[in-house]
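Novice: No letters, just coordinates:
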């Protein structure tokens, strides 16, 4: 493309929402590049470098043309039969169409004829002039601003006092440089120039003048005291955090939190990490409380010691670099002290009442207007936990699970959880230990929310597993009972996460529990559940299981074959999948899968087909041979299946390939004589039953 140079576009604005900054910066740059490509101003080799700081969104794009190349345009006009008369003269309709395109009758001889479907049509070929950079960038800028994923739009007035503008924050300047040249574009009431502003307090010059597109980042850093790149600023903060922890020594390390690092990166333009400390007496408070208040309220990075315990040191990411930082560190230490004091006060106050004494108060807390109070919910969770506990173990497990389920939600009424809802369960465990309820119950109270997200750990003990299963089953059953099913991307009650948690516990703990029985037990507590709810809920759980298995690397075909049988004990699923994979590798697999599919289709169409065979009615040699082979192979395969040797069971069935092929080659299943037909259908039903215990092998047929 002609006269290619690099392009820089920047919108300088008031402080942007920190949690949205990274996404805004990426979206702004990508939308610009895509639009410039669509207009022929950027090519396949153009590269984007997005920039995002608290007060700017910018993009540097390489290899942008001054003028897009002209494009050949072919436009279908109308069928020849409509556009030309018998003598080849243009019809009024054709002349009118040409006029609308800026042409006249002189263009008729140049019109191209080509087949369009079954009829010949007229086409008008012309050349469209490529867009200039000013035109193309104007359109791209408008498009990228319109498509920004703005969390909440602001409306503000321009300097004229009349014109309203809608944007994420008020914009103050626009830069558009193609090489060293300003591109004459406008946006948000601003005309493009080459000046921007640097750091509010530390810029060498209040106004930063940019020489060209390529000097943007370097000029902002040297003259404006701003690291414009989000990623470069993030990396610098991470480097400084690690260096500060190393200087403190003793194996100190900052708490790892990518979301906090992103948010702090979005709050500063010139990061400066400083070390602070607080009084050691606050360490008597559970470290989760202190860490949460420092991260959530102050955006600090707490420091852990070599053993992973919270120390009384923390790191602050300042936006300024004074020669003497004592005022900054002292100010942050003064600010955090009341927060920690509040946490200590809440902790001390909460321990004055036992968890048991709080349970009654749950009857006054609404859980859902159609599902009653938290107190009623607790009773439902207890009922499910008792059943699961009794199935899994001793009376002791059932009793402990019942106790943990009764107390699991009591910490919702504590001051600490009222202030920090993220600590529910965690604080319950601390208070349970204070009440001397034992580690099993305390861990179960904390763990019954697990797994809270993909990849989270499972409950640590059996009591926790029972209560976690009961809690998630109650949530799913209750919300399905009142029709609150997830739809599309919307899942306000995180039901997919709850279902996945149930799946993971049943599979990874290899629990001897049947899924349909669990669903039925949970739904039995909700009188309002429609008749088809159990089917819907079971399908929902199997869908989550299928998704999880595909993520683990199993093919859709393998997963489909195993889950088609809806195995009740999910701990068996991995073994079934391994068996299916091993079977599929056998030379007999494809033929047996195809035969199995054929048998399934025949049986579906049959009026009735009991898995019963009368030996005297076997007439053909091929059906006698298949019956004999089935009688020999099926019992061995069944014994292996019952012993849990799924791979062996399927491999034993491979011996049926030859007699099955011979049967279909030499026997007419749908014989005219009813007794012969029913007997042959019975033989196929017997075979089908034997072959599909581990998985539905027909799903492996291509």
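Specialist: Cool, got the structure. What you are looking at is a predicted structure, and each value in this text was computed from that prediction instead of being measured.
Novice: going forward, measure contacts between C-alpha atoms and count neighbours the same way
Specialist: Fine.
Novice: now the protein, which segments are flagged as low pLDDT?
Specialist: 1-2, 607-609, 702 (pLDDT under 70).
Novice: Which helix in it has the most residues?
Specialist: When the chain is parsed with DSSP state H, its longest helix is helix 326-350.
Novice: can you give me the helices for the stretch 251-400 of the chain?
Specialist: 258-265, 287-298, 326-350, 355-358, 374-392, 395-407 (DSSP state H, counting those that start in this stretch).
Novice: Would you convert those helices into JSON lines that also reports mean neighbour count and distance to residue 192?
Specialist: Listed next are those as JSON lines, based on neighbours: other C-alpha atoms under 10 Å; distance: least, C-alpha to C-alpha, whole Å:
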{"stretch": "helix 258-265", "mean neighbour count": "18", "distance to residue 192": "27"}
{"stretch": "helix 287-298", "mean neighbour count": "17", "distance to residue 192": "37"}
{"stretch": "helix 326-350", "mean neighbour count": "16", "distance to residue 192": "38"}
{"stretch": "helix 355-358", "mean neighbour count": "17", "distance to residue 192": "63"}
{"stretch": "helix 374-392", "mean neighbour count": "21", "distance to residue 192": "58"}
{"stretch": "helix 395-407", "mean neighbour count": "23", "distance to residue 192": "63"}
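Novice: So residue 498 versus residue 54, what's the distance?
Specialist: 37 Å (C-alpha to C-alpha, to the nearest Å).
Novice: before we move on, what about residue 460?
Specialist: Applying C-alpha to C-alpha, the value for residue 460 to residue 54 is 42 Å.
Novice: all strands in the stretch 1-150 of the chain, in order from the N-terminus.
Specialist: 5-13, 48-53, 56-64, 71-79, 112-116, 119-128 (DSSP state E, counting those that start in this stretch).
Novice: The fifth one pairs with which strands?
Specialist: Each strand that strand 112-116 pairs with, and the sense of that pairing, follows from DSSP bridges: strand 119-128 (antiparallel).
Novice: Show me what counts as buried in the partner strand.
Specialist: 121-124 (16 or more other C-alpha atoms under 10 Å).
Novice: Also stretch 150-158?
Specialist: For stretch 150-158, a neighbour-count test (16+ other C-alpha under 10 Å) marks 150, 156 as buried.
Novice: For it, measure first residue to last.
Specialist: When the termini of stretch 150-158 are compared using C-alpha to C-alpha, they are 20 Å apart.
Novice: And the residue of the chain positioned farthest from its centre, its phi and psi?
Specialist: Distance from the centre of the chain peaks at residue 87, with 65.2 Å (C-alpha atoms, centre = their mean). Recorded main-chain torsions at residue 87 are phi -90, psi 0, according to degrees, to the nearest 10.
Novice: you'd agree residue 119 is up against residue 79?
Specialist: Yes. Between residue 119 and residue 79 there is a contact at 6.8 Å, judged by C-alpha atoms under 8 Å.
Novice: Quick one, which of the helices of the stretch 251-400 of the chain gets closest to residue 638.
Specialist: Proximity to residue 638 (C-alpha to C-alpha) singles out helix 374-392 among these, at 26.1 Å.
Novice: And residue 472, how far from residue 393?
Specialist: Distance from residue 472 to residue 393, by C-alpha to C-alpha: 20 Å.
Novice: what about these two, which has more around it?
Specialist: Neighbours per residue (other C-alpha atoms under 10 Å) separate residue 472 from residue 393, with residue 472 holding more: 23 against 11.
Novice: The more buried one reaches residue 500, doesn't it?
Specialist: No. Residue 472 is beyond contact range of residue 500, at 9.7 Å (criterion: C-alpha under 8 Å).
Novice: Residue 460 and residue 54: who's more crowded?
Specialist: A count of neighbours by other C-alpha under 10 Å puts residue 54 above the other of residue 460 and residue 54, at 23 against 15.
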